[in-house]
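Novice: Sequence and predicted structure below; questions after.
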Amino acid sequence: CGAEPENSNNAAGAPTAPATAGSGVGLGGAATNTSGSGGGATLPNGGASAGTGVSEQGGQSGAGGGGGAGGTGGATTPGDTTLPFKPSYILGADISYTLQEEAAGNKYADASGVRPLEQIMADNGFNYIRLRTFVCPTCQGGYNRDGFCDTDHTIEMAKRVKACGMGIFLDFHMADTWVSLGTGASDSALPSQWKGMTPAQMQAAAHDYTRGVIQKMTDAGVAPDMVQIGNETNAGMCGIPLSNWKDLSALIAAGIQDVKDVNPKIVIWVQNGRPRPDSAGGNGFNAWVDKYLGSSGTKLAVDGVCGSTYGTTNNGDDWIESFSHVLDNYKLPVMSCEYTVAAPDDQAGKLINTKVMRGFADHRGWGSFIWEPTRYPEINKNTLFTKTGNTYTTNAAMNAYPALAKSYGLPVPSGKCVGDKYD
């Protein structure tokens with residue numbers, strides 16, 4: 001999501017994953033704490049090969065990508081940096097507000113009492129957390145003068161996520177503040193420290209920034225499992241419009257390469273803010289995708305396309321139509337990197353999860369991330385928590401998620417939080 005009030009949708013990308021022996025990505029089997037059969041989905045563009053699969057949580061084994069040999073069981077220790085963590089279905093949430101809320105004196109609770117938010121999410125079956133990060137949030141016009149969502153705060157929160165055994169999806173806004181589907185080409189989307197730079201200088205700056213963040217997270221033992229370069233880039237990124245594809249694609253490519261230079265196993269996504277035929281920017285979703293994936297532009301080395309699935313015109317069929325363009329023409333996986341429970345009868349996001357993502361054959365719909373479930377779209381309105389005083393407490397809408405996770409063969413809790421912070 002860009003500026004918080006924005007109701008948008010996203011999707012993007014395709015990879016040129018390195019085709020090295022033993023690098024296939026296998027989807028894990030049914031969730032148990034011992035072993036599982038591999039699903040066989042692969043990273044596109046050469047990433048599949050015979051070799052080890054990516055392990056499931058709890059030591060499950062996954063088949064190697066592209067029908068490769070079954071992988072060995074993964075590490076069971078929370079915080080293990082084996083990448084990428086790939087459960088059989090991603091049940092994710094973006095909870096980037098957490099540190100900011102806690103600093104303001106707010107707390108989180110469930111029936112057991114006050115507990116860390118990440119522990120509550122894991123106990124309800126969530127297995128992945130998305131964290132947004134800004135270039136310089138304390139700069140003039142930046143997100144927050146206290147520096148929330150900068151690199152240091154992102155690492156702090158990532159340690160908590162990994163302590164609970166969940167995967168990390170890092171959202172590079174590539175800006176000092178919010179970017180949404182219509183603002184990527186605006187002046188506000190250009191990091192203040194990059195103003196006045198030539199295209200080549202901006203690419204070098206993007207190189208230093210993205211590589212620096214990934215390296216710092218890796219050094220801290222919390223390397224992200226997945227990364228997206230740019231947030232809702234329908235209109236562009238860093239003030240460069242989509243129409244200037246030469247400079248824009250070079251900038252995005254610089255960010256992607258820097259992530260891969262640190263760890264080539266990190267999965268790269270790009271995000272569209274409205275994965276529908278009437279998508280804003282780029283003359284519709286398909287035209288935007290075609291630029292990213294090479295049929296009408298420079299092919300970028302991305303591993304998948306995700307989108308913000310907030311609004312649908314026909315009960316999700318428009319999302320299915322748009323994501324199918326990626327699946328059918330580019331053979332890349334898709335995902336909802338943002339959604340919200342839009343109505344009381346949309347229990348556990350059943351539209352985007354069960355009908356759309358789970359409806360794609362061969363596990364090509366990797367999963368979903370509910371956006372800021374404590375407070376979006378509005379505090380105490382269609383959220384998974386009800387706020388009373390300074391405490392956000394789980395409500396009936398959250399109760400639907402453990403059942404959903406179990407119906408998908410996912411473990412509940414998704415992992416055990418380890419550390420003095422957790423009961």
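Specialist: Great, that's in hand.

Novice: Need the residues that contact the helix or strand of the chain with the lowest mean pLDDT.
Specialist: Ranking every helix and strand in the chain by mean pLDDT, DSSP states H and E puts helix 350 at the bottom, with a mean of 90. Contacts with helix 350, where a contact means Cβ atoms under 8 Å, 6 or more residues apart in numbering, come from L404. Backbone N, C-alpha and C define where each C-beta goes, glycine included.

Novice: Downstream of it, the next helix or strand is which one?
Specialist: strand 365-371 (DSSP states H and E).

Novice: counting contacts, what elements does that following strand pack onto?
Specialist: strand 90-94, strand 128-133, strand 334-339 (3 or more Cβ pairs under 8 Å, 6 or more residues apart in numbering; DSSP states H and E).

Novice: now it against strand 128-133, angle please.
Specialist: 60 degrees (axes from the mean of the first three to the mean of the last three Cα atoms, to 10 degrees).

Novice: Can you tell me the strand partners of the following helix or strand past strand 365-371 and which way each runs?
Specialist: Counting by DSSP H and E, the next helix or strand C-terminal to strand 365-371 is strand 385-388. Partner strands for strand 385-388, per DSSP bridges, with pairing direction: strand 391-394 (antiparallel).

Novice: how far is the strand it pairs with from where the chain is centred?
Specialist: Relative to its chain's centre, strand 391-394 lies at 24 Å (Cα atoms, centre = their mean, to the nearest Å).

Novice: C-alpha coordinates for that strand, CSV please?
Specialist: The C-alpha coordinates for strand 391-394 follow below in CSV (Å, rounded to 0.1, in the frame of the first residue of the first chain):
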residue,chain,number,x,y,z
THR,A,391,-4.6,-2.3,23.2
TYR,A,392,-5.3,-4.0,19.9
THR,A,393,-7.1,-7.4,20.7
THR,A,394,-7.8,-10.1,18.2
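
Novice: Show me what the helix or strand following that strand is packed against.
Specialist: Next in sequence after strand 391-394, counting helices and strands by DSSP H and E, comes helix 396-407. Applying 3+ Cβ pairs under 8 Å, 6+ apart, one finds that helix 396-407 contacts strand 90-94.

Novice: Which stretches in this protein count as strands?
Specialist: Taking DSSP state E, the strands of the chain run over residues 90-94, 107-110, 113-114, 128-133, 167-172, 226-229, 236-237, 240-241, 267-272, 304-308, 334-339, 365-371, 385-388, 391-394.

Novice: With respect to V259, which of those strands lies nearest?
Specialist: For V259, the closest of those is strand 226-229, at 5.3 Å, according to Cβ to Cβ.

Novice: Tell me the strands beside that closest one, with direction?
Specialist: Applying DSSP bridges, strand 226-229 is found paired with strand 167-172 (parallel), strand 267-272 (parallel).

Novice: So what pairs up with the residue nearest to the spatial centre of the chain in the strands?
Specialist: Among the residues of the chain, the one closest to the centroid is F169, at 4.2 Å (Cα atoms, centre = their mean). Residues in a beta bridge with F169, per DSSP bridges, are R130, M226.

Novice: Surely it and D225 touch.
Specialist: Yes. Counting by Cβ atoms under 8 Å, D225 is a contact partner of F169 at 6.9 Å.

Novice: quick one: common contacting residues for those two?
Specialist: Y128.

Novice: so where is this structure shaky, pLDDT-wise?
Specialist: 1-81, 280-283, 343-345 (pLDDT under 70).

Novice: again, only using 50
Specialist: 3-81, 282 (pLDDT under 50).

Novice: hey, where'd the helices end up in it?
Specialist: 98-103, 117-123, 151-163, 199-219, 245-262, 285-293, 317-330, 350, 396-407 (DSSP state H).

Novice: how about the ones you listed in TSV, adding distance to G236?
Specialist: Output for these, formatted as TSV (distance: least, Cβ to Cβ, whole Å):
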stretch	distance to G236
helix 98-103	27
helix 117-123	33
helix 151-163	24
helix 199-219	13
helix 245-262	6
helix 285-293	11
helix 317-330	20
helix 350	34
helix 396-407	35
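
Novice: want to throw those helices into JSON lines with mean neighbour count?
Specialist: Below are the helices of the chain laid out as JSON lines (neighbours: other Cβ atoms under 10 Å):
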{"stretch": "helix 98-103", "mean neighbour count": "17"}
{"stretch": "helix 117-123", "mean neighbour count": "25"}
{"stretch": "helix 151-163", "mean neighbour count": "21"}
{"stretch": "helix 199-219", "mean neighbour count": "18"}
{"stretch": "helix 245-262", "mean neighbour count": "20"}
{"stretch": "helix 285-293", "mean neighbour count": "25"}
{"stretch": "helix 317-330", "mean neighbour count": "20"}
{"stretch": "helix 350", "mean neighbour count": "16"}
{"stretch": "helix 396-407", "mean neighbour count": "18"}
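
Novice: of all these, which lies closest to V179?
Specialist: Comparing the helices of the chain by their distance to V179 (Cβ to Cβ), the top pick is helix 245-262, with 13.3 Å.

Novice: Touching the closest one from outside, list them.
Specialist: 18, 172, 174, 199, 202-204, 206-207, 210-211, 214-215, 218, 223, 227, 229-230, 233, 236-238, 240-242, 266, 268, 270, 291, 297-298, 300-302.

Novice: For that helix, list the C-alpha coordinates in CSV.
Specialist: What follows is helix 245-262, C-alpha atoms only, in CSV (Å, rounded to 0.1, in the frame of the first residue of the first chain):
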residue,chain,number,x,y,z
TRP,A,245,11.5,2.8,-19.6
LYS,A,246,15.2,3.0,-20.5
ASP,A,247,16.2,4.8,-17.3
LEU,A,248,13.5,3.2,-15.2
SER,A,249,14.4,-0.4,-16.2
ALA,A,250,18.1,0.3,-15.6
LEU,A,251,17.3,1.6,-12.1
ILE,A,252,15.2,-1.4,-11.2
ALA,A,253,17.8,-3.8,-12.7
ALA,A,254,20.5,-2.2,-10.6
GLY,A,255,18.4,-2.9,-7.4
ILE,A,256,17.7,-6.5,-8.5
GLN,A,257,21.4,-7.2,-9.3
ASP,A,258,22.5,-5.9,-5.9
VAL,A,259,20.2,-8.2,-4.0
LYS,A,260,21.3,-11.2,-6.1
ASP,A,261,25.0,-10.2,-5.6
VAL,A,262,24.6,-10.6,-1.9
